[in-house]
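Trainee: A structural model of the following input is requested.
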Amino acid sequence: MLIALITDFGTQDSYVGVMKGVIAGICPTAQTINITHDLPPQDLYAARFTLLSAYPYMPPGTVYLVVVDPGVGTQRRAVAVQTSQGYLVGPDNGVLGGIVEGTPILNAVELANAEYWRVPQPSTTFHGRDIFAPAAAHLANGVPIERLGPAIDPQSLKTLPLPAPVGTATGWEGVVQYIDRFGNAATTISGSAVESDNWTLTLGETTLLSGKTYGEVPPGEGLALVGSHGFVEIAVNQGSAKERFGLAVGDCISITHSPTRAKNNSH
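Mentor: As a prediction, the model looks like this:
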């Protein structure tokens, strides 16, 4: 069984290694894979998008362990969710929302059964070690999800406030949902919505032409394209769209399908 980890712990400290040690103690046969541990600290939106973009590429039955948890030790729930493709384990703070919103949920439980915690009195600051890692390991060991705690309504699972894309007479309206380390900004518009070559993206007073690759424009110039994650992306060839256009998660953008391509005014 594969356990895929997503955290904001970094690799300087012992936190990731300790969680893997806990997993190995419970399920020695589990294989762990690091999707990332370098998310910006406490960035729920980055965790949500990372899970969303990695989910299609892991094998069926994978246990996704997501620990970005600024509310650790508070009343926020610790949960496990079962889908047809595997399990999600993490805090109920929106980090699982990208999958929860678009995937049928078979089961969802609160991780309240102390029998499946590492210790009866878990740390108030490290639920990744004492609650989430043990839950993921037990699931990988074949423990039914129902044993980990009481069932909860999947509709009650928290999501993050990102508006869904809206169709318009000429295209789509959406928002920026994630910015990667290169400064590329993934929007909420699916690449399937812009199959035509003739479309432009507008953010504020700037209009960007669409392209297929970063190298279609000179270095330092912006463009819009469909990223490898499957969403429309705002980019700057060999530069940062975040810095160039002052982008942030939640910024509004619009897509316009047009019969002719307008001049790029991103200069």
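
Trainee: can you list the buried residues in the longest strand along the chain?
Mentor: Of all segments of type strand in the chain, defined using DSSP state E, the longest is strand 171-179. Residues G171, W172, E173, G174, V175, V176, Q177, Y178, I179 are the ones in strand 171-179 that count as buried (16 or more other C-beta atoms under 10 Å). Using the backbone N, CA and C atoms, a C-beta is placed for each residue, glycine as well.

Trainee: I'd like the next helix or strand past it.
Mentor: Next along the chain after strand 171-179, taking DSSP states H and E as the criterion, comes strand 185-190.

Trainee: avg pLDDT for that following strand?
Mentor: The pLDDT scores in strand 185-190 average 96.

Trainee: could you check the angle it makes with strand 171-179?
Mentor: 140 degrees (axes from the mean of the first three to the mean of the last three C-alpha atoms, to 10 degrees).

Trainee: what helices or strands is strand 185-190 leaning on?
Mentor: If you count contacts as 3 or more C-beta pairs under 8 Å, 6 or more residues apart in numbering; DSSP states H and E, strand 185-190 packs onto strand 171-179, strand 231-236, helix 241-245, strand 252-257.

Trainee: which one of these lies nearest to P56?
Mentor: Ranking these by proximity to P56 (C-beta to C-beta) places strand 231-236 first, at 12.5 Å.

Trainee: that older thread, tell me the two of the buried residues of strand 171-179 that are most distant?
Mentor: Using C-beta to C-beta, the pair of those lying farthest apart is G171 and I179, separated by 22.2 Å.

Trainee: tell me where the stretch 101-250 of the chain has helices.
Mentor: 127, 133-140, 241-245 (DSSP state H, counting those that start in this stretch).

Trainee: check which helix or strand the spatially most central residue of the chain maps to.
Mentor: In the chain, the residue lying closest to the centroid (C-alpha atoms, centre = their mean) is F49, at 2.2 Å. F49 is located in helix 44-54, with elements delineated by DSSP H and E.

Trainee: which of the buried residues of strand 171-179 lies closest to A235?
Mentor: Comparing those against A235 with C-beta to C-beta places I179 closest, at 10.7 Å.

Trainee: beta-bridge partners for that closest one, please?
Mentor: Beta-bridge partners recorded for I179 (DSSP bridges): A185.

Trainee: can I assume G71 sits in a helix?
Mentor: No: if the criterion is DSSP: H, G, I helix; E, B strand; the rest coil, then G71 is coil and not within a helix.

Trainee: that one reaches V95, doesn't it?
Mentor: No: contact between G71 and V95 fails when scored by C-beta atoms under 8 Å: they sit 10.8 Å apart.

Trainee: mind checking which of those two has more residues around it?
Mentor: Higher neighbour count among G71 and V95: V95, with 30 against 14, using other C-beta atoms under 10 Å.
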